[in-house]
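# no sequence for this one, just the structure:
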């Protein structure tokens with residue numbers, strides 16, 4: 001068996017591990033194992049590539065591994081769960097710019113060879129890698145800035161932005177054509193491609209509001225995969241082509257799921273301005289809340305929970321900010337000891353990235369089989385004694401079902417209003433990302449506990465224990 005056959009077989013093994021890993025990530029119970037399998041596949045692909053390609057300096061590669069690994073380890077240890085979306089955005093950006101830089105380096109190497117004329121596949125793939133990779137880089141850092149609060153989370157709607165985006169895209173494609181038709185003068189067109197893409201990445205991301213970041217993150221993740229796949233064609237590396245294609249396809253599918261969960265179209269995301277157009281103003285906060293909100297206390301809520309047969313926790317971004325997931329698990333333990341059936345309702349876009357709530361609850365050792373997705377849990381709310389909403393807002397706003405002029409009209413929500421009693425833990429009646437009041441907070445079956453999520457949950461744990469022991 002020759003060396004190339006062994007290399008191709010190793011890449012095939014890596015591809016199988018990638019696919020198996022992605023399959024494992026589809027369910028919380030197998031997600032950890034799936035992540036390990038996918039990581040093993042990447043290790044196989046990297047090791048094979050080091051033997052497959054002409055390596056100029058293993059010493060420089062080792063330095064890169066040590067420096068990059070150290071930075072990654074520090075970030076992984078120190079990053080808070082509320083900052084995980086920002087870190088994912090940065091990873092997407094670095095992945096994109098890495099692809100663009102590798103494609104540029106490959107162009108530089110080929111141009112320096114005596115009498116070598118690169119083929120059309122090489123040149124087109126280089127241009128595409130530079131375009132998508134550079135766009136992903138700046139777009140991801142704008143997303144990071146919005147999530148971190150460095151850049152405004154509001155939609156920045158520049159006049160004529162769609163026309164400008166189209167023109168920039170056309171000019172970038174023209175630069176790719178120049179690169180293909182005259183590869184000897186590759187520097188100017190490739191630099192133009194990257195610079196145009198840098199601007200395009202900013203213009204496509206800046207109009208997107210903070211509420212829509214879960215969709216943006218998954219879309220940029222897809223872009224980083226597509227850039228990597230294009231770079232795979234530049235290098236004729238099967239492992240990179242397969243890995244990039246899988247990431248690109250998975251990201252697009254996840255983006256579509258996110259769009260469906262927010263009642264948006266993928267086209268809105270692709271053309272920019274996604275989430276930037278507000279709907280009708282609707283009712284004012286005074287109209288919705290005036291004299292109708294029922295304020296409660298941990299002691300009163302404990303008495304309701306004491307007799308509950310089923311309790312459903314509904315986590316939102318407020319739980320992430322307050323780091324209340326461990327307190328939620330403590331409260332669930334007390335409830336389960338008295339025979340209460342405890343479940344967790346997971347909305348696809350709760351939080352600031354796909355799966356944000358799943359990750360937080362898994363950190364608190366919540367059993368995977370208690371995490372129920374929206375479609376399955378919604379019919380169960382009618383038979384739920386108490387639904388406890390922790391820092392969620394738009395994903396439980398019934399206006400989505402009743403007001404066609406609302407900014408969230410048609411967005412699938414968690415039907416917590418169907419529960420016999422709804423307990424909402426929030427600091428105030430401030431609106432969510434959509435900027436509209438939530439009639440759920442003033443409903444007859446809703447009790448409002450105005451408190452920090454972590455402190456409020458801890459007070460409920462204490463009160464419930466005292467009620468049970470009394």
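Sure thing, it's come through. All values derive from a computational prediction rather than experimental measurement. Numbering: from 1, shown residues only.
# Going by C-alpha atoms from here, please, whenever you check contacts or count neighbours.
Fine.
# Residue 90 is in contact with residue 144, isn't it?
Yes - the pair residue 90 / residue 144 is scored as a contact, 6.6 Å apart, by C-alpha atoms under 8 Å.
# how about the spatially most central residue of the chain, secondary structure?
Compute the mean C-alpha point of the chain, and by C-alpha atoms, centre = their mean the closest residue is residue 353, 3.0 Å away. Using DSSP: H, G, I helix; E, B strand; the rest coil, the structure places residue 353 in coil.
# mind listing what it touches?
By C-alpha atoms under 8 Å, 6 or more residues apart in numbering, the contact set of residue 353 is 85, 213, 214, 215, 217, 218.
# got a markdown table for those residues, with neighbour count, secondary structure and pLDDT too?
As requested, the contacts of residue 353 are exported to a markdown table (neighbours: other C-alpha atoms under 10 Å; DSSP: H, G, I helix; E, B strand; the rest coil; pLDDT from 0 to 100):
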| residue | neighbour count | secondary structure | pLDDT |
| --- | --- | --- | --- |
| 85 | 23 | helix | 80 |
| 213 | 26 | helix | 75 |
| 214 | 24 | helix | 75 |
| 215 | 29 | helix | 80 |
| 217 | 27 | helix | 85 |
| 218 | 26 | helix | 86 |
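# tell me the phi and psi of residue 421?
With angles defined as degrees, to the nearest 10, residue 421 sits at phi -130, psi 140.
# okay, now it: neighbour count?
For residue 421, the count of nearby residues is 23 (other C-alpha atoms under 10 Å).
# I'd like to know how far it sits from residue 402.
Relative to residue 402, residue 421 is positioned 21 Å away (C-alpha to C-alpha, to the nearest Å).
# Residue 129 is in contact with residue 227, isn't it?
Yes - Residue 129 is within contact range of residue 227, at 4.7 Å (criterion: C-alpha under 8 Å).
# intersection of neighbour lists for those two?
Common neighbours of residue 129 and residue 227 (criterion: C-alpha under 8 Å, 6+ apart): 99, 100.
# coming back round to it: in the contacts of residue 353, find the pair that's most separated.
Across the contacts of residue 353, the longest distance by C-alpha to C-alpha is 11.4 Å; it joins 85 and 215.
# what ranges of the stretch 201-350 of the chain fall below the confidence cut-off?
Applying pLDDT under 70 to the stretch 201-350 of the chain picks out residues 210-211, 264, 268-283.
# Do a quick rundown of the strands in it.
Assigned by DSSP state E, counting those that start in this stretch, the strands in the stretch 201-350 of the chain fall at 310-315, 341-346.
# for the last one, the distance to its chain's centre please.
What it means is strand 341-346. The chain centre lies 22 Å from the centre of strand 341-346; the measure is C-alpha atoms, centre = their mean, to the nearest Å.
# How about the first one?
Relative to the chain's own centre, strand 310-315 is displaced by 23 Å; criterion: C-alpha atoms, centre = their mean.
# Also stretch 424-441?
Mean-position distance between stretch 424-441 and its chain equals 23 Å (C-alpha atoms, centre = their mean).
# One more: stretch 206-214?
11 Å.
# give the contact list for residue 168.
Contacts of residue 168 (C-alpha under 8 Å, 6+ apart): 196, 197, 200.
# What residues sit buried inside the helix or strand harbouring it?
Using DSSP states H and E, residue 168 falls within helix 161-181. By 16 or more other C-alpha atoms under 10 Å, the buried positions in helix 161-181 come out as 161-162, 165, 168-169, 172-173, 175-180.
# try stretch 284-296
So, applying 16+ other C-alpha under 10 Å, buried residues of stretch 284-296: 288, 289, 293, 296.
# which outside residues touch that stretch?
The contact list for stretch 284-296, computed with C-alpha under 8 Å, 6+ apart, reads 436-439, 441-444, 446-450.
# would you list those in JSON lines and tack on secondary structure, pLDDT and neighbour count?
Rendered in JSON lines, the data for the contacts of stretch 284-296 read as follows (DSSP: H, G, I helix; E, B strand; the rest coil; pLDDT from 0 to 100; neighbours: other C-alpha atoms under 10 Å):
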{"residue": "436", "secondary structure": "coil", "pLDDT": "84", "neighbour count": "22"}
{"residue": "437", "secondary structure": "coil", "pLDDT": "90", "neighbour count": "24"}
{"residue": "438", "secondary structure": "coil", "pLDDT": "91", "neighbour count": "23"}
{"residue": "439", "secondary structure": "helix", "pLDDT": "93", "neighbour count": "20"}
{"residue": "441", "secondary structure": "helix", "pLDDT": "93", "neighbour count": "27"}
{"residue": "442", "secondary structure": "helix", "pLDDT": "92", "neighbour count": "20"}
{"residue": "443", "secondary structure": "coil", "pLDDT": "93", "neighbour count": "17"}
{"residue": "444", "secondary structure": "coil", "pLDDT": "92", "neighbour count": "14"}
{"residue": "446", "secondary structure": "strand", "pLDDT": "94", "neighbour count": "25"}
{"residue": "447", "secondary structure": "strand", "pLDDT": "95", "neighbour count": "23"}
{"residue": "448", "secondary structure": "strand", "pLDDT": "95", "neighbour count": "23"}
{"residue": "449", "secondary structure": "strand", "pLDDT": "95", "neighbour count": "23"}
{"residue": "450", "secondary structure": "strand", "pLDDT": "94", "neighbour count": "16"}
